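Novice: any chance you could fold what I've pasted below:
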Amino acid sequence: MQLLSQGRLRLGLGAGENLNKHVVGGGWPATHIRLEMPEEAVEIIRSLFAGENVNHHGAHFDVENARLWELPDAPPPIGVAVSDYRSCELAGHAADLMIAIEPRPELMSAFDRYGGTGKPRAGPAIHLLRHRPRRGDRPRRRSVPLVRRRPAGQLRAARTRRVRAC
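Specialist: This is a model prediction of the structure:
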């Protein structure tokens with residue numbers, strides 16, 4: 001995928017969620033085990049992208065004689081989804097970027113504390129944590145077009161109103 005996407009791929013790992021995983025019948029492991037699994041997976045993935053012939057027999061994964069034959073110029077950055085301080089610790093020391101799944105500033109702080117300072121952050125909630133107004137900051141105003149529906153179902157800008165944006 002890194003070759004096909006011309007270097008735009010990011011590989012995301014996480015501890016998973018019971019909603020999607022329990023249905024395959026393998027049971028649902030405890031949180032500490034689910035956090036060990038991506039850590040072990042990152043080691044295997046990094047070895048594969050280094051061009052090595054990988055033989056790995058770990059606590060969670062067995063890999064025998066695996067190798068990537070077509071390597072990209074640069075391996076894709078590996079991100080880890082964070083939801084608590086334990087996943088922030090894993091992301092801080094093992095990942096290239098943090099994937100924030102909810103807008104909680106304490107996750108950013110924990111990621112930095114465990115080695116993530118200077119590493120990129122990604123995810124649907126990350127934009128909510130970027131700008132925090134300071135005391136005395138006036139909210140910027142910007143124009144947002146209002147949209148009205150025409151009878152034929154086409155959209156057109158009707159007028160513009162002022163809204164507050166942080």
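Novice: roughly how far does the most centrally placed residue in the chain sit from Gly115?
Specialist: Closest residue to the average C-alpha location of the chain: Ile99 at 2.4 Å, with CA atoms, centre = their mean. In this view, Ile99 and Gly115 are 16 Å apart by CB to CB, to the nearest Å. For the C-beta atoms, the positions are set from N, CA and C on the backbone; glycine is no exception.
Novice: re the thing from before, okay, the residue nearest to the centre of the chain: pLDDT?
Specialist: Turning to Ile99, the model gives it a pLDDT of 92.
Novice: shouldn't it be within a strand?
Specialist: Yes: under DSSP: H, G, I helix; E, B strand; the rest coil, Ile99 sits within a strand.
Novice: tell me the bridge partners for it.
Specialist: For Ile99, the beta-bridge assignment (DSSP bridges) gives partners Ala81, Ala122.
Novice: contacts only, for it.
Specialist: For Ile99, the contacting residues are Gly12, Gly14, Gly79, Val80, Ala81, Val82, Ala91, Arg121, Ala122, Gly123, by CB atoms under 8 Å, 6 or more residues apart in numbering.
Novice: one more time with 7 Å, if that's ok
Specialist: Counting by CB atoms under 7 Å, 6 or more residues apart in numbering, Ile99 touches Gly12, Gly79, Val80, Ala81, Val82, Ala122, Gly123.
Novice: likewise for Gly14?
Specialist: So Gly14 contacts Pro38, Val80, Ala81 (CB under 7 Å, 6+ apart).
Novice: and for Gly123?
Specialist: Gly123 touches Ile99, Ala100, Ile101, counting by CB under 7 Å, 6+ apart.
Novice: okay, now Ala30: neighbour count?
Specialist: For Ala30, the neighbour count with other CB atoms under 10 Å is 8.
Novice: surely Ile78 and Glu43 touch.
Specialist: No: if you go by CB atoms under 7 Å, Ile78 and Glu43 don't touch, sitting 10.5 Å apart.
Novice: so which of these two has more stuff around it?
Specialist: Ile78 (20 against 15).
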